[in-house]
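Enquirer: I need the structure of the sequence given here:
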Amino acid sequence: MNRILVLITLSDSGIETIKSNPELPKKETEFVNRWKEEGLLESFYISVSKKDAVLIFKDVDESATKKLIEALPYFPHMAKIEYHNLNKQF
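Expert: Next up is the predicted model:
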């Protein structure tokens, strides 16, 4: 079963912008919840510092995954994004 693992790191200035705008986290959460409901997002983790996130997508290819990430309200505040294609073993 193929999966796409996405590792995201927010920029320091982005974290400050997000903290100062309470609407941004609400909008971001709406995207994540919709992806979960649609069955695209299998897992979602946020680091304790809230600077890093790990998302695991299923039933979607890398190109489509990149478009999903680029649509996020936090996208302009992301310093680093890595995409890894995985084969789920169990």
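
Enquirer: what about stretch 69-81, how long is it end to end?
Expert: 9 Å (Cα to Cα, to the nearest Å).

Enquirer: now do stretch 31-44
Expert: 12 Å.

Enquirer: So which bits of that stretch are buried?
Expert: Using 16 or more other Cβ atoms under 10 Å as the test for burial, stretch 31-44 gives Phe31, Trp35, Leu40, Leu41, Glu42. Using the backbone N, CA and C atoms, a C-beta is placed for each residue, glycine as well.

Enquirer: And that stretch, how far out from the chain middle?
Expert: 10 Å (Cα atoms, centre = their mean, to the nearest Å).

Enquirer: do stretch 56-68 as well
Expert: With Cα atoms, centre = their mean, you get 10 Å for stretch 56-68.

Enquirer: likewise stretch 21-41?
Expert: For stretch 21-41 - counting by Cα atoms, centre = their mean - the centre lies 9 Å from the chain centre.

Enquirer: Give me the residue ranges of the chain where confidence is low.
Expert: 1 (pLDDT under 70).

Enquirer: From the contact counts, what lies against the lengthiest helix in the chain?
Expert: Longest helix in the chain, counting residues (DSSP state H): helix 23-37. On a contact count with 3 or more Cβ pairs under 8 Å, 6 or more residues apart in numbering; DSSP states H and E, helix 23-37 meets helix 12-20, strand 41-46.

Enquirer: Among these, show me which one is buried the most.
Expert: strand 41-46 (a mean of 15; mean count of other Cβ atoms under 10 Å).

Enquirer: Compute the inter-axis angle for that one and helix 23-37.
Expert: Orientation of strand 41-46 against helix 23-37 (axes from the mean of the first three to the mean of the last three Cα atoms, to 10 degrees) gives an angle of 150 degrees.

Enquirer: which residues does Phe57 bridge with?
Expert: Ile4, Leu41 (DSSP bridges).
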